[in-house]
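A.B. asks: Provided below are the primary sequence and the corresponding predicted coordinates.
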Amino acid sequence: MFVKLPETVCRDEELSDQLMRVSEELGSAMAEIGHALEDGVIDPMDFNGLL
């Protein structure tokens, strides 16, 4: 899991807000991976930046 699952039932607004936050975080992570792969290789410095 990328995120902790909610312990209670949420309203539609809360669920959509959580989904947007997850999407933003995943997008940021994918952008970092994309930057690391710009030269075709993930070197140790790139890898440490992804952690």
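C.D. replies: In hand now; what should we look at?
A.B. asks: now this protein, which segments are flagged as low pLDDT?
C.D. replies: 1, 6, 10 (pLDDT under 70).
A.B. asks: top helix in it by residue count?
C.D. replies: Using DSSP state H, we find that the single longest helix of the chain is helix 12-36.
A.B. asks: which parts of that one are buried?
C.D. replies: By 16 or more other C-beta atoms under 10 Å, the buried positions in helix 12-36 come out as Ala36. Bear in mind the C-beta positions are built from the backbone N, C-alpha and C, glycine included.
A.B. asks: packing partners for that helix?
C.D. replies: In terms of contacts (3 or more C-beta pairs under 8 Å, 6 or more residues apart in numbering; DSSP states H and E), helix 12-36 is packed against helix 44-50.
A.B. asks: report the central residue of the chain.
C.D. replies: For the chain, Leu26 is the residue whose C-alpha lies nearest the centre (C-alpha atoms, centre = their mean; 2.5 Å).
A.B. asks: how about that residue, nearest residue that isn't a chain neighbour?
C.D. replies: The shortest distance from Leu26 to any non-neighbouring residue, by C-beta to C-beta, 6 or more residues apart in numbering, is to Phe2 (6.8 Å).
A.B. asks: fine, thanks again, bye for now.
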